[in-house]
Each structure stands twice: as structure tokens, then as C-alpha cells.
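Enquirer: Provide a 3D model corresponding to the input given below.
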Amino acid sequence: MDLNSASTVVLQVLTQATSQDTAVLKPAEEQLKQWETQPGFYSVLLNIFTNHTLDINVRWLAVLYFKNGIDRYWRRVAPHALSEEEKSTLRAGLITNFNEPINQIATQIAVLIAKVARLDCPRQWPELIPTLIESVKVQDDLRQHRALLTFYHVTKTLASKRLSADRKLFYDLASGIYSFACSLWNHHTDTFLQQVSSGNEAAVLSSLERTLLSLKVLRKLTVNGIVEPHKNMEVMGFLHGIFERLKQFLECSRSIGADNVCRDRLEKTIILFTKVLLDFLDQHPFSFTPLIQRSLEFSVSYVFTEVGEGVTFERFIVQCMNLIKMIVKNYAYKPSKNFEDSNPATLEAHKIKMAFFTYPTLTEICRRLVSHYFLLTEEELTMWEEDPEGFTAEETGGDSWKYSLRPCTEVLFIDIFHEYNQTLTPVLLEMMQTLQGPTNVEDMNALLIKDAVYNAVGLAAYELFDSVDFDQWFKNQLLPELQVIHNRYKPLRRRVIWLIGQWISVRFKSDLRPMLYEAICNLLQDQDLVVRIETATTLKLTVDDFEFRTDQFLPYLETMFTLLFQLLQQVTECDTKMHVLHVLSCVIERVNVQIRPYVGCLVQYLPLLWKQSEEHNMLRCAILTTLIHLVQGLGADSKNLYPFLLPVIQLSTDVSQPPHVYLLEDGLELWLVTLENSPCVTPELLRIFQNMSPLLELSSESVRTCFKIINGYIFLSSTEFLQTYAVGLCQSFCELLKEITTDGQVQVLKVVENALKVNPVLGPQMFQPILPCIFRGIIEGERYPVVMSTYLGVMGRVLLQNTSFFSSLLNEMAHKFNQEMDQLLGNMIEMWVDRMDNITQPERRKLSALALLSLLPSDNSVIQDKFCGIINISVEGLHDVMTEDPETGTYKDCMLMSHLEEPKVTEDEEPPTEQDKRKKMLALKDPVHTVSLQQFIYEKLKAQQELLGEQGFQSLMETVDTEIVTQLQEFLQGF
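Expert: Numbers count the residues shown, from 1 in each chain. As a prediction, this is how the structure comes out:
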């Protein structure tokens, strides 16, 4: 098919693919998908999107298909890769003329040229950069702009490559075109500055657009393209020139008002200048040293003096503050404690910083930050009134300091205060001194100043630790402030309770806690919602603190819990509800079982909240976390929550339901604590286990929790559980064991071991398909000690507690190995004795001794042949478990447990869960904890002696090392 007729067909299908009608759209998409790998398809697409007479939507779709094709089929090694001939034609076609009239399509073409350049430039496409440089010089406005746009995207993409060979290519490219890029930028910048006063908005916007693009190119070349930039005159010339250019552009902003079409582009260009400096400082701190002085002078004058009035705007102030912060905090500029050991470049930078940050400069910066930038603005106060929840949720965490003014000023304050705390502490203390006593509620300005100073004291808490007697200040100044209930005083009530939250972990006497709890109870009833939410946050910090004492908190628990619950109902935003739920969770977690009398209202409300939050998965995660702590606090009483709890677990852990992506981790945790605290199994609880099989196939981080859940069911109701689910579980385990890591294998086998421990009769039958591979692993001497130890643990259980099953397994394996049963048993005992040292857990070591001893008495020649090994293991076991009673001088088995031993729970310890009690009951039936190894050995040897007679037994004992026999006799004294 020739190119023209192919174009017609493809054009028709692309037109159908832009249709809104799915009946037309779907078949068209299918057809295009089939053509993706056809030779010549991309040449047709190129013809279509470069034909400006066609419909814009069709051309847009053609560009997107072309761009996706580059990702999939352009690399030589890709399946269905494009031929070299076609790629060569396409490369030529892409840079024939830069005259795309539609902006969005032009950007897409620039991006796809950059994608090809990433793979082919400069080796297969040496003509790209020269062509771009020539096209950037042409007089035609459109072509010049489109070429510049492409030039930028190509430079950006090549700069992002990280392999050293690619970096070297980019260095070569950058050094070759840097002069040109500089002159291009200077030319466009000068043109713009000349045109600004002309009043021709279209021309001004056009030249500003070119200035911005050429600066973007220069940014990438300067930051990523030059080795040792401080030695390059042109680079340093450009960087020093930025400050002058910034001043010119900031002056322009006086004449270009907020409603001017150029305003947005102008601000973007000003911000881009600051980004060049910030990126360069980040990547080349030592090359930046000559720029430190100018950067600080420039930033401080525009942000902290009158120079900036009328020209600065918020985003620019944020960038300047970040520049100051990055210079102050830069580790490259911090000399080591021993000055002589420091890098000379570090000392040079440090000297420049010290010379700049004099006492007057630091004082002025600190005062301006607090008294100007920390003040609550009109906008913020209006937001407080109109949208209190939005006000409290204003972003302050993470990287918000990079973009938002308030977090940015606070982070700058913290960093400067930390770096120069000896200079600044007296300044802040003096500000505090002037604010003693209550403030007049009519003087709004005084209230806001006080709010700002308190904010500073909270942010600098760690630095002020030794300088402020916080306990006295709390009693004499802060508590009285919290009692001023006037509406206009609410900013201070909020700030003071926030401030206490900041100091609680720094310096706050334990005895003062009850006074604080009293204050929190009052403030949770404040008429202002913002104050109540802030109080809840401080409560969380107080409860979460290391020095929290439950006994001090209990008298206030009921009031606080009730008020927090009311707050949870009052707030409407999803984020705020999550926040209050986290506070509630924290309280429940800390007081544990003491919470039981007060949770009724919350238990009734959570199902309603769960229903309302169908669209908000993050809120549902918070509900799951609260339920986890609730179940732990309620213990066995959590059974009353099952009508709500079990459907929640069911939904959260069902991988066929979309919400599981968000809820699974917390859902599994909730499932686990529900089992651990369940007093008995219910049909519904058993039914949820249907979710488990697909979860085990996920083989994600959650598998470990899944194994704990399976163990939970085994401990809770082994017979019912195994009869219902063991077959499917066994299949899942067999699949898992084929592909899982060693650690994973051990986890699976531990579950099997638990099943055998809890149910020695049913367990081996249910997990029968897994046992042969364990047997084989022992015989063949599994090389990983941890896995071998688990194999022997499982086999020890079968041999000791279900002898008939062991015989049938041995019979089955003898057929598989084509050996006699006795011979195979002999091999197994030999391997067991040989690898006993792989077992590190005392319980399993004793189990091995008991299991092998259970083969006695025997007249089987193979067992008699291995008698020496069995005795060796038994004596090793005695060394592990026997402790000497100092009073009587006799030995006793330290693993024996009795019903009478009730461990005392101290106040700090968690009370035992239902599962802990089940494990205790299980241990009381477990031979490892009920059979005395000493007694067992004695009885087995006695029986062997009776079977063989004195002489036969004696000759058997002679096969054992005399040293071992002596130790054995010592242990068996008194029998």
C-alpha cells in the first residue's frame, strides 16, 4: 500500500477514534492498536500531524500515538522495533520545519523530539542540535518560538540522563553551545526590556516568552552541563548577572500590574532566576561560594527591608527565604569542630557567612520574621471565621516550606535560630519580657504580636530549653491566658495551647500535668472550633509523650473522651475527622482496658461514619486504626462489635474490591487483633477466612501478617478451622513453598508446626501433602540451618505425638526412595543427630530429644545401631533444660510448667490477650512443657534394659562415649 492511500485509511480511523460515540470509538482504537507494530505506520502519523489543514483533534491524537510509539518501539532491542530506515526518515521529518500553529500540539511535538533525542542524540542524530541552533536564529516569530521550545525540551531531557557516558556527552554539548545560549538569552532579555515601555502587549508577551524559554535552556546547561563551573568565566558571569537582571525585572513589575496579560509570565521568569541560583547552590555548593555574599545581600534587602516594598510577591519572597535558608543550613559550609581539619573551601564560605550575619543583621531578621511575617494576615483571619476546618488544615508539613509562605518563614526562623542561638536567644527573651500579663482584648494588633512571639517561642523550644523556666511561665502566664474567654482572645487561646504542645516533650514537669488536663477539658468546650481542634492536637502530644502517666490522666478520661467524641461529630471535613480519630485512637491506646466504660457512644457512631465515608478511603483507614485500638482496649468484650467489625474486615481484606488498595494493611492488622482478643470462634469469624487464599497469592509485604492470622485461627479453633480450610490452605502453601524465600519457607512451616502442636491427630492428616518434602529435606540434608531446624521441629512433632502417622509416612517415603523402611529411618536419625546444632530454640532441642527417645525401647537393629546418637542428643537436651536447685543440689527440668504458675502482670505491662491465654493452655498440654526429659530418659533406658536384658543393654551402652555416660549418670542421680 503506498503512503497516500495508507494516509487516507489511517486518517479515517483516527477521525473515528476522536468520536464521542463508543460504538465508533472502540473499534477504531482496536484497529490503531493493531497498526502500532506495522512498518510505515509512524511515517503516516507524521504526515497527518504535520498537515495543518486537518482537524485539530485528529492531529492531536496522531501526535499522542506517535509519542507512545517512541516509548514502545524506538529502542533497537524493543519487540517490533522500528527499522533504521524508517527511524532515519522520521528524524528528518520531525525537524524539517518548526511552524506548528497550535500551542498544545507544538509542545507535544517538542516533547516527542526530545524523547527521540534521549535515545539517538548525538550519535544517530548529529544534525539535531545544529538544526535547532540555526532555526532559533531565524526572523520568523512562530518558527523561532517553536525551535526554542524544542531546544528547551531537548536540553531538559539530555540533562536528566544520569549514566557517566551520557553525562560526558552532555558536558561536551553544553560547552559547545553555552556561549550561544548566553547570547541568545541576553538578546531576548534586552529586547523584552526595550519593548516593555512600548505598550504593545502582544510584542511584549512574545519576547517575554522567548526570554523565559532561553533562560530555561541556560538553567539546564549551567546546573547540569558544566564541570567545575567556578573556573568557567562565562558561567560565573551569567550567575553574577542574574542579580542585576532580577532587579530590572522586579522594577518592570511596577509597571506591569496584576491584570496585565504579561504579569503571570513575568512572575514565572523572576521565579526562574531564583531557581537557577537555588539549583546551582544545591548541585555545586563550593562553586557557589563567590555568590554567597551577593545572594544574601540581595535576598535580605528585598525580604527584610523597604527595598522590596511594592515589587515583591509571595512566591518570590518564599524563594529568597529558601536561598537564605539553604546558605545558612548548607553542610558544605559548616567547618568541623576542629577548624584545622576543615576543607579550605568550607572555611572560606563560613568566613563569608560570619561576616554577613552580624549582630544587627541577625537581630533585624529575627524581629522582622516575628513581628511582620509571623502575624496572622487578614486573609487568614477571614478564613478562620468562614472555614475554620480549612484554616486548621493549612499545610505545614513535608516540603510545604518550599512553596508556601507561612511554613517557609517558620522553617527559616528555626534554622537561623538554631545556627545563631547565642545571638538570638536574648532577642526573643526580650520580646517575651515585654508581653507579660494579659493583653487588652480591644487591641487587635497587640494580640497578633503576642500570637507571633508565642509562635516563635514554640518553634524555638529546643533551643530555649535552658533559658526559659517553662514550668513557672506555664503557671503564672500561660494558664491565666487560657482562662480569658473573650471571643477576640481566641487567637491567643489557640496559640497558647499549641505552644504547650510544643514544649511538652522539651521541658514540662510531670506534677503540672493535672493542671494541663484541667485546662484541656475546658478548652475542648471552647466556643471556637479552631481552638477545640488545636486543643485536641495538644492532647495527642501530651498523651503520646514519654512521661505520660495513666494514673494522672484517669480522673479526666471520661470528660475528655466525651468531648473528643462530640468534636468528632461536630467537624465535617474528612481530614479533620481523621485528625480527631487519631487523637481518640491515641488516648484509647495509652489507657488500654481502662477505656471500656466510655466507648459505648463511639462504638455506636463508627458504623455511621464508616457508611458516610464510602468515598474517602483515607478516613476509612483512620477508622480501621481506631478499631484496632478499640479491640485491644475491649479485649474479649470486642465480641459485641462483631456485627460491625467483621463486615469491615471482610471488605478491607477482599482483593476483588477496589478499596482494598487503601485498606488492606490496616484491615489485616484489625483482623489479627480481633482474633487475638476473640474469646471463641463464631461462624462469621470463620467465614471471613475465605479472603485468605487470594491474599497469599499477592506475596506482598502483608504475607507475614497473613501467617499470623492463620496461626490465630489455629490457636482459636483448630479442629473446626482445619476441617473447613486446611485443604485449600495446604494447596496455597505448596504453591508458596515453590517460589518463596528461605525466610518465607520458615514462616509457612511454622504455621504447619503450630497446627501439629495444637492438633497432633488432625494436623498431620490435613497437611499431609507438605510432609514428604519436609522428610526429603531432612534426608538430603537441607543446607539452610534455619529451614533444617524447622523441618526437624515439624518432624519431631509427628514422631512424638502421632507415631502411627509417622509409620505410614515412613512407608510412603521408603517407596519413593526405593529403600527399606529401616534403612531410611536409620538415615533420618543419622542426619538428625548430625544437624542437631542447626536447632537453636531450647523448646525444639528438647522436642528432638523426646522424639528420638520415643523410638525406644526397640529391638530393631537399625535403631540400636543409632543408639549412641540418640543418647548424645538426649544428653545435649539435658544440658539445655536442666537447672540446678541451689537449695537441694538436685537438677530439675526448667521447661516444665504447671497450672499453678500465674505470672504477675505489672502495671506497665499489657494484660494478656485471649490468645496469650490460649497459648498458655496449649503449653500445659505440650509434651515439651509437661514431660520431664530426665524422667523420660530414665524410663526409656529402663524399658530398653528390660527388653534386652542386663548384658545386651550393657553392650549397647558401651557404644556411647564414656564422658557422655558419666554426664548422663550425673543427671539421673536420685532415680
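Enquirer: Any regions of the stretch 351-500 of the chain where pLDDT drops low?
Expert: When residues are selected by pLDDT under 70, those of the stretch 351-500 of the chain lie in 395-397.
Enquirer: can you give me the helices in it?
Expert: In the stretch 351-500 of the chain, the segments counted as helices under DSSP state H, counting those that start in this stretch are 359-368, 378-386, 388-392, 405-419, 421-433, 444-459, 461-464, 470-473, 479-482, 490-503.
Enquirer: Low-confidence regions, the stretch 801-950 of the chain specifically.
Expert: Going by pLDDT under 70, which is the cut-off in play, the stretch 801-950 of the chain has low-confidence ranges at 889, 899-909.
Enquirer: which stretches of it form strands?
Expert: Per DSSP state E, counting those that start in this stretch, the stretch 801-950 of the chain has strands spanning 882-884, 891-893. These are given in chain order.
Enquirer: Might you report the residue contacts of the residue nearest to Phe805 when sequence neighbours are not counted?
Expert: Of all residues not flanking Phe805 in the chain, Pro764 sits nearest, at 4.5 Å (C-beta to C-beta, 6 or more residues apart in numbering). Bear in mind the C-beta positions are built from the backbone N, C-alpha and C, glycine included. Under the criterion of C-beta atoms under 8 Å, 6 or more residues apart in numbering, the contact list for Pro764 reads 756, 771, 798, 802, 805, 809.
Enquirer: rewinding a little: dump the helices of the stretch 351-500 of the chain into a markdown table; add distance to Leu541 as well.
Expert: Rendered in a markdown table, the data for the helices of the stretch 351-500 of the chain read as follows (distance: least, C-beta to C-beta, whole Å):
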| stretch | distance to Leu541 |
| --- | --- |
| helix 359-368 | 26 |
| helix 378-386 | 22 |
| helix 388-392 | 15 |
| helix 405-419 | 17 |
| helix 421-433 | 22 |
| helix 444-459 | 11 |
| helix 461-464 | 12 |
| helix 470-473 | 14 |
| helix 479-482 | 16 |
| helix 490-503 | 4 |
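Enquirer: The longest helix seen in the chain: which residues count as buried?
Expert: Using DSSP state H to assign secondary structure, the helix with the most residues in the chain is helix 703-739. Of the residues in helix 703-739, those scored as buried under the neighbour-count criterion (16 or more other C-beta atoms under 10 Å) are 703, 705-718, 721-722, 724-726, 729-730, 732-733, 736.
Enquirer: by contact count, what packs against the following helix or strand past that helix?
Expert: The first helix or strand that comes after helix 703-739 along the chain, using DSSP states H and E, is helix 742-758. With contacts defined as 3 or more C-beta pairs under 8 Å, 6 or more residues apart in numbering; DSSP states H and E, the secondary structure elements packing on helix 742-758 are helix 703-739, helix 762-766, helix 785-801.
Enquirer: Leu968 is in contact with Gln871, correct?
Expert: That one is not Gln; residue 871 is Ile. Yes. Counting by C-beta atoms under 8 Å, Ile871 touches Leu968, with 6.9 Å between them.
Enquirer: Next, show the common contact partners of these two.
Expert: Going by C-beta under 8 Å, 6+ apart, residues that sit against Ile871 and also against Leu968 are Val960.
Enquirer: who's more crowded, those two?
Expert: Ile871 (25 against 19; other C-beta atoms under 10 Å).
Enquirer: Could you measure from that one over to Gln472?
Expert: Look at Ile871 and Gln472: by C-beta to C-beta, to the nearest Å, they are 74 Å apart.
Enquirer: go on, Gly398?
Expert: Per C-beta to C-beta, Gly398 is found 35 Å from Gln472.
Enquirer: ok, back up a step: can you say which of the strands of the stretch 801-950 of the chain is nearest to Phe561?
Expert: Ranking the strands of the stretch 801-950 of the chain by distance to Phe561, with C-beta to C-beta as the measure, places strand 882-884 first at 47.8 Å.
Enquirer: For that closest one, which helices and strands make contact with it?
Expert: strand 891-893.
Enquirer: which other helices and strands contact the strand it packs on?
Expert: In terms of contacts (3+ C-beta pairs under 8 Å, 6+ apart), strand 891-893 is packed against strand 882-884, helix 933-957.
Enquirer: if you set the cut-off to 10 Å instead, what comes out?
Expert: When contacts are defined as 3 or more C-beta pairs under 10 Å, 6 or more residues apart in numbering; DSSP states H and E, strand 891-893 packs onto helix 867-881, strand 882-884, helix 933-957.
Enquirer: ok, for Lys402, nearest residue in space, not its chain neighbours?
Expert: Of all residues beyond its chain neighbours, the one nearest Lys402 is Asn322 (6.4 Å), with distances taken as C-beta to C-beta, 6+ apart.
Enquirer: Revised request: answer the last question for Gly826.
Expert: Val862 (4.2 Å).
Enquirer: and that neighbour, what does it touch?
Expert: Counting by C-beta atoms under 10 Å, 6 or more residues apart in numbering, Val862 makes contact with 820-827, 829-830, 855.
Enquirer: How about Arg590?
Expert: 540, 542-545, 548-550, 553, 557, 629, 633.
Enquirer: Show me which of those are buried.
Expert: Neighbour-count burial within those applies to 540, 542-543, 545, 553, 557, 629, 633; the criterion is 16+ other C-beta under 10 Å.
Enquirer: I'd guessed Pro659 sits against Trp610; true?
Expert: No. Counting by C-beta atoms under 10 Å, Pro659 stays clear of Trp610, with 11.3 Å between them.
Enquirer: what residues are shared contacts of the two?
Expert: With C-beta under 10 Å, 6+ apart applied, the overlap between the contact sets of Pro659 and Trp610 consists of 620, 651.
Enquirer: Compare neighbour counts for the two and give me the winner.
Expert: Under the criterion of other C-beta under 10 Å, the comparison of Pro659 against Trp610 puts Trp610 first, with 18 against 15.
Enquirer: That one and Ser299, how far apart?
Expert: To Ser299, Trp610 is 50 Å away according to C-beta to C-beta.
Enquirer: Also Arg315?
Expert: For Arg315, the distance to Ser299 equals 14 Å [C-beta to C-beta].
Enquirer: Ok, Asp859 next?
Expert: Per C-beta to C-beta, Asp859 is found 95 Å from Ser299.
Enquirer: Looking at those two, which is more packed in?
Expert: The neighbour comparison of Asp859 against Ser299 (other C-beta under 10 Å) goes to Ser299, with 24 against 10.
Enquirer: List the residues that contact the more buried one.
Expert: Contacts were defined as C-beta under 10 Å, 6+ apart; by that measure Ser299 touches 243, 274, 277, 308, 316-317, 319-325, 327.
Enquirer: a helix runs through it, doesn't it?
Expert: Yes. Checked against DSSP: H, G, I helix; E, B strand; the rest coil, Ser299 lies within a helix.
Enquirer: Find the nearest non-adjacent residue to it, please.
Expert: According to C-beta to C-beta, 6+ apart, the nearest residue to Ser299 is Cys320 (3.9 Å).
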